[in-house]
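1. Attaching a predicted model along with its sequence, questions to come.
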Amino acid sequence: MPSIATSPEELLSNEEALSLSGLEFMQKILDGTNPGPPIGATLGYRIHSVEDGICVFRGAPEFNVTNPLGTVHGGWYGTLLDSAMACAVMTKVPRGSVYTTLEYKVNILRPIPLGMQIECIGQSDHVGRSTGVAHGEIRGVDNGKLYATGSTTCIVMKIA
């Protein structure tokens, strides 16, 4: 099971990260060799599976991610979709390069009940030398219902 970094010292150095392809980087998070992102612990989701061009996270929203009306805050949907879509792009990034999100869009279709297990699937559509594009969706694990969709554009930068 993937672990989550609890301090900056636990994260890979830039040199270590750049020595891996994006797919290798993500696979090492999944198998627990490298720690996962702290935002996952904060918001209640973890990486579930990784393959070339696809990244899946699973989790369940709890009360700590609600808005003043007691429903899941839109930022939770957005952060989860950003993670899955950008990590799908990451799986296509070559060794010696990095990426970051330039923009993303979220469409919330229905509220997710608190405590319900969801799956967020990010899938890359195109990753080139300078940009990556991906889409994603949040679905209920047990009911298969679609709760939100998203799309992203990332910048890809050669460092080494």
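-> Cool, got the structure. Bear in mind the structure is a predicted one, so any value in this text is a computation, not a measurement.

2. Check the average confidence over the helix ranked longest in the chain, would you?
-> When the chain is scanned for its longest helix (criterion: DSSP state H), the result is helix 74-90. Helix 74-90 shows a mean pLDDT of 98.

3. contact partners of the very next helix or strand once past that helix?
-> Reading on from helix 74-90 to the C-terminus, the next helix or strand found by DSSP states H and E is strand 97-108. The contact list for strand 97-108 (C-beta atoms under 8 Å, 6 or more residues apart in numbering) reads 17-18, 22, 74, 77-78, 81-82, 85-86, 89-90, 93, 131-132, 147-160. Where you see a C-beta, it was placed from the backbone N, CA and C, and this is true even at glycine.

4. which helices and strands does the longest helix of the chain pack with?
-> The contact analysis (3 or more C-beta pairs under 8 Å, 6 or more residues apart in numbering; DSSP states H and E) places helix 74-90 against helix 22-30, helix 38-43, strand 45-51, strand 54-59, strand 97-108, strand 118-127, strand 131-140, strand 146-158.

5. ranking these by mean pLDDT, which is last?
-> Among those, helix 38-43 scores lowest, with a mean of 92.

6. pull the CA atoms of that helix into CSV?
-> Backbone C-alpha positions of helix 38-43 (Å, rounded to 0.1, in the frame of the first residue of the first chain) are rendered in CSV as follows:
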residue,chain,number,x,y,z
PRO,A,38,0.7,14.7,1.4
ILE,A,39,-2.4,16.3,-0.2
GLY,A,40,-3.9,12.8,-0.5
ALA,A,41,-3.8,12.3,3.3
THR,A,42,-5.2,15.8,3.9
LEU,A,43,-8.2,15.2,1.5
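
7. so how far is it off the chain centroid?
-> Counting by C-alpha atoms, centre = their mean, to the nearest Å, helix 38-43 is centred 11 Å from the centre of its parent chain.
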